[in-house]
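>>> quick one: sequence plus predicted model below, questions after.
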Amino acid sequence: MPNSATVVRRSDRGLHEQSETARRKKDVRKNLLLCTPALIVLIFAAAGPLLIVLIYTFLKAGSYGGVIWEWSWDGWFQVFLKKDIFDGTVSIADAHISIFWRSVKLSVQSTLAALILGFPTAYFIATRSPKTRNLWLFLITIPFWTNLLIRTFAIMQVIRDQGIINTLLINFGIIDSPIEMLYTEFSIMLGMAYVYLPLMVLPLYASIEKLDFRLIEAAYDLYATRIFVLWRIIIPLVKPGIIAGSILVFIPSLGAYVTPRVLGGGKNLMLGNLIELQFGQGRNWPLGAALSITLLVIVMVSLLVYVQNLQRKSD
Amino acid sequence: MLAAKNRNREFSVRYLPGFSSMAVLCFVLLYAPIVALVVYSFNSGTNIALWEGFSLQWYVVAWENELVQEVTFRSLIVASIASVTATILATMAALGTTRTRNYRGQMVIYAVINQPLMVPEIVTGVALLIFFAIIKAATGYHGLTYLVAAHTAFCIPFAYMPIRARLEGMDGVLETAAQDLYATPVQTLRRITLPLLWPGILAGLMLAFVISLDDVVITELVKSAGQDTLPTYMLGQLRRGITPEVNAISSALLGVSVLLVSIFFILRTR
């Protein structure tokens, strides 16, 4: 046995190489194993059921809710169209169209309201000293983590007929009878702008904080006015933040359920309420499922714009 | 004169006219309704718009209402189980996705973990309503587990975020040192990784608890009859208008949320 030592060494090296790839494989297996319990819960109680919703859009509605397992296009058909029960004529479901339109309109309006109020706020925070900045940010985020329902209640009490605004205005003799604000489209818009405002301020702040103020100084040196600096320098530079904030407000507004229910008083339905209705009194699960998928697609498209915008920003 | 006065004020590049007052207005608008709600919960009158004097009577009324006790207890049970479970699962997932060599499928894992943040709550609620209806019909079981499972799922991304952030901020030096000193993987995890990760885990737990405690939409759609939580109970009470009692409950819940979120912020900045 002359060469036993070298043989051992050679096999040792082979073992080492082998163990390197084996170890890597084992690592991946360990990582996947660590993620598995969370993934199982999420797939069973969040992601997976979405597929069942998609299947339900193609089934027939049961008369007492639920579905009958028969293929049908009715769910999708009813999203935008309706059939007269008596003569079978097909017409556009104007009730649904008006709810879609209201959802989009109020979401855009609340996004704009949040932008108008949120932009100066984000700018204000970003121009504070670094120490106080965190405190202001904390003040913006605190309401966001408190109950949405409670914040909606709070807005409701401010704007109702006997609320603070109307009581004050009447006491000061500015108006005689209360201005009707609650249970209108305006109140929903206001409520959504109010509850989602932090989602506008945070990305705006992140953009403005990175602003290079030397550029602005240069503009002023070249005799630019304040308005010019704001329109032609600041706003173009923080545009990614404006887009991000707007999408972050627009998406939850579009799917809002609580705010329109509380502040709309059951009269001014939005998409979220229309969906819920199909699973309650409406007893039309396939239609509710089709409406849900429609909302989901709109949201996903908006998110895609958001992600692309993020990537462009990081380039 | 006026021009001279303007010139005297130091020219600031950062200054934009009206922005500071807009910001102050924004903060006032943000907090005024909440402050009004809390103040009026201490009103002694039955009318919530008229101030008649300080009193704790509505808190007493709420406290003694058996229905409120029941739904509060249910909310706490669901939030506790869901947030603890979600935090454990999120910690494991964070360990499996952070500070690792990139591996295939990692992107899919991220997408699945963050999915509850991207899909509108009403859509998730509807999906769970349909899915659980099928299971309920098949098994005949109508218990609280459905609600707990739903809450656990949407709490996972909220627990995951701070834990992952904390983990990313930790370099692996101490763990490597421990392994060099012949610590077993379990020992390294127990004695090094978890103690360092602890603030992140606690922050995740706080956030998950608050999110579960506040949920309305998914709970409203998933709950079986007689399974109201505090928020869905309050939503149901709305048919009678806002009573001072609801104000008192809201203020109490608000206090709990603000306290937990403050703890979360302190833990995160440490």
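That came in fine, so what should we check first?

>>> contacts and neighbour counts: CA atoms only from here.
Fine.

>>> please save the CA atoms from the lengthiest strand in chain A in PDB.
Longest strand of chain A, by residue count under DSSP state E: strand A:67-71. What follows is strand A:67-71, C-alpha atoms only, in PDB (Å, rounded to 0.1, in the frame of the first residue of the first chain):
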ATOM      1  CA  VAL A  67     -74.000  28.200  -7.200                       C
ATOM      2  CA  ILE A  68     -75.300  25.400  -9.300                       C
ATOM      3  CA  TRP A  69     -72.400  23.500 -11.000                       C
ATOM      4  CA  GLU A  70     -73.400  24.300 -14.500                       C
ATOM      5  CA  TRP A  71     -71.500  26.200 -17.100                       C
END
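
>>> buried ones in the helix or strand in which residue A:227 is found, by neighbour count?
Per DSSP states H and E: residue A:227 is located in helix A:226-229. Applying a neighbour-count criterion of 16 or more other Cα atoms under 10 Å in any protein chain shown, the buried positions in helix A:226-229 are A:226, A:229.

>>> can you list the helices and strands that the longest strand of chain A packs against?
Contacts defined by 3 or more Cα pairs under 8 Å, 6 or more residues apart in numbering or on different chains; DSSP states H and E place strand A:67-71 against strand A:59-61.

>>> where does pLDDT dip in chain A?
A:1-18, A:313-315 (pLDDT under 70).

>>> domain parsing for it?
The record's domain parsing of chain A by automatic domain parsing lists A:4-76, A:90-314.

>>> among those domains, which is the most enclosed?
Mean neighbour count, computed with mean count of other Cα atoms under 10 Å in any protein chain shown, is highest for domain A:90-314 among these, reaching a mean of 19.

>>> other residues contacting the next helix or strand after the helix holding residue A:227?
Using DSSP H and E, the helix or strand that directly follows helix A:226-229 along the chain is helix A:235-237. The contact list for helix A:235-237 (Cα atoms under 8 Å, 6 or more residues apart in numbering or on different chains) reads residue A:211.

>>> pull the CA atoms of the helix or strand following helix A:235-237 into PDB?
Once the chain leaves helix A:235-237, the next helix or strand it forms, by DSSP H and E, is helix A:239-254. What follows is helix A:239-254, C-alpha atoms only, in PDB (Å, rounded to 0.1, in the frame of the first residue of the first chain):
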ATOM      1  CA  LYS A 239     -42.800  62.900 -10.500                       C
ATOM      2  CA  PRO A 240     -42.100  59.200  -9.500                       C
ATOM      3  CA  GLY A 241     -43.200  60.000  -6.000                       C
ATOM      4  CA  ILE A 242     -46.400  61.700  -7.300                       C
ATOM      5  CA  ILE A 243     -47.200  58.600  -9.400                       C
ATOM      6  CA  ALA A 244     -46.400  56.200  -6.600                       C
ATOM      7  CA  GLY A 245     -48.500  58.100  -4.000                       C
ATOM      8  CA  SER A 246     -51.400  58.500  -6.500                       C
ATOM      9  CA  ILE A 247     -51.500  54.800  -7.300                       C
ATOM     10  CA  LEU A 248     -51.300  53.900  -3.600                       C
ATOM     11  CA  VAL A 249     -54.300  56.100  -2.800                       C
ATOM     12  CA  PHE A 250     -56.200  55.100  -6.000                       C
ATOM     13  CA  ILE A 251     -56.000  51.400  -5.500                       C
ATOM     14  CA  PRO A 252     -57.600  51.100  -2.000                       C
ATOM     15  CA  SER A 253     -60.100  53.800  -2.900                       C
ATOM     16  CA  LEU A 254     -61.300  51.800  -5.900                       C
END
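
>>> and helix A:239-254, what does it pack against?
Packing partners of helix A:239-254 (3+ Cα pairs under 8 Å, 6+ apart): helix A:94-126, helix A:185-209, helix A:285-314.

>>> output the contacting helices and strands for the next helix or strand after that helix.
On the C-terminal side of helix A:239-254, the nearest following helix or strand under DSSP H and E is helix A:258-263. On a contact count with 3+ Cα pairs under 8 Å, 6+ apart, helix A:258-263 meets helix A:148-159, helix A:185-209.

>>> mind redoing it with 10 Å?
helix A:148-159, helix A:185-209, helix A:271-279, helix B:230-237 (3 or more Cα pairs under 10 Å, 6 or more residues apart in numbering or on different chains; DSSP states H and E).

>>> run the chain-centre distance for that helix.
Distance of helix A:258-263 from its chain centroid, counting by Cα atoms, centre = their mean, to the nearest Å, is 16 Å.

>>> out of the domains of chain A, the one nearest residue B:30 is which?
Nearest to residue B:30 among the domains of chain A is domain A:90-314; the distance by Cα to Cα comes to 7.0 Å.

>>> still on that earlier bit, hmm, the helix holding residue A:227 in reach of chain B?
Yes - using Cα under 10 Å from any Cα of the partner chain, we find that helix A:226-229 touches chain B at A:226-227, A:229.

>>> kindly report the same for stretch A:26-44.
Yes - counting by Cα under 10 Å from any Cα, chain B has neighbours in stretch A:26-44: A:27-44.

>>> just those residues: which are in strands?
Using DSSP E, none of the residues of stretch A:26-44 next to chain B sit in strands.

>>> domain parsing of chain B, as residue ranges.
As assigned by automatic domain parsing, chain B contains the domains B:15-55, B:65-269.

>>> out of those, deepest packed?
Mean neighbour counts for the domains of chain B (mean count of other Cα under 10 Å) peak at domain B:65-269, with a mean of 19.

>>> just the terminal-to-terminal distance for that one.
Between the opening and closing residues of domain B:65-269 there is a gap of 40 Å (Cα to Cα, to the nearest Å).

>>> chain center to it, what's the gap?
Mean C-alpha position of domain B:65-269 versus that of the full chain (Cα atoms, centre = their mean) differs by 8 Å.

>>> dump the host helix or strand of residue A:51 to PDB, restricted to CA.
Assigned by DSSP H and E, residue A:51 belongs to helix A:48-56. The C-alpha trace of helix A:48-56 is given here as PDB (Å, rounded to 0.1, in the frame of the first residue of the first chain):
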ATOM      1  CA  GLY A  48     -55.700  29.800  -3.600                       C
ATOM      2  CA  PRO A  49     -59.300  30.800  -3.100                       C
ATOM      3  CA  LEU A  50     -58.800  33.500  -5.800                       C
ATOM      4  CA  LEU A  51     -58.800  30.700  -8.400                       C
ATOM      5  CA  ILE A  52     -62.100  29.400  -7.000                       C
ATOM      6  CA  VAL A  53     -63.500  32.900  -7.500                       C
ATOM      7  CA  LEU A  54     -62.500  32.700 -11.200                       C
ATOM      8  CA  ILE A  55     -64.200  29.300 -11.500                       C
ATOM      9  CA  TYR A  56     -67.400  30.700  -9.900                       C
END
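
>>> sorry, back to before: which ones among the residues of stretch A:26-44 next to chain B are found in helices?
Residues of the residues of stretch A:26-44 next to chain B located in helices (DSSP state H): A:27-42.

>>> my guess is residue A:291 meets residue A:97, correct?
No - between residue A:291 and residue A:97 there is no contact under Cα atoms under 10 Å: 11.8 Å.

>>> need the residues touching each of the two.
The contact sets of residue A:291 and residue A:97 overlap at A:79-80 (Cα atoms under 10 Å, 6 or more residues apart in numbering or on different chains).
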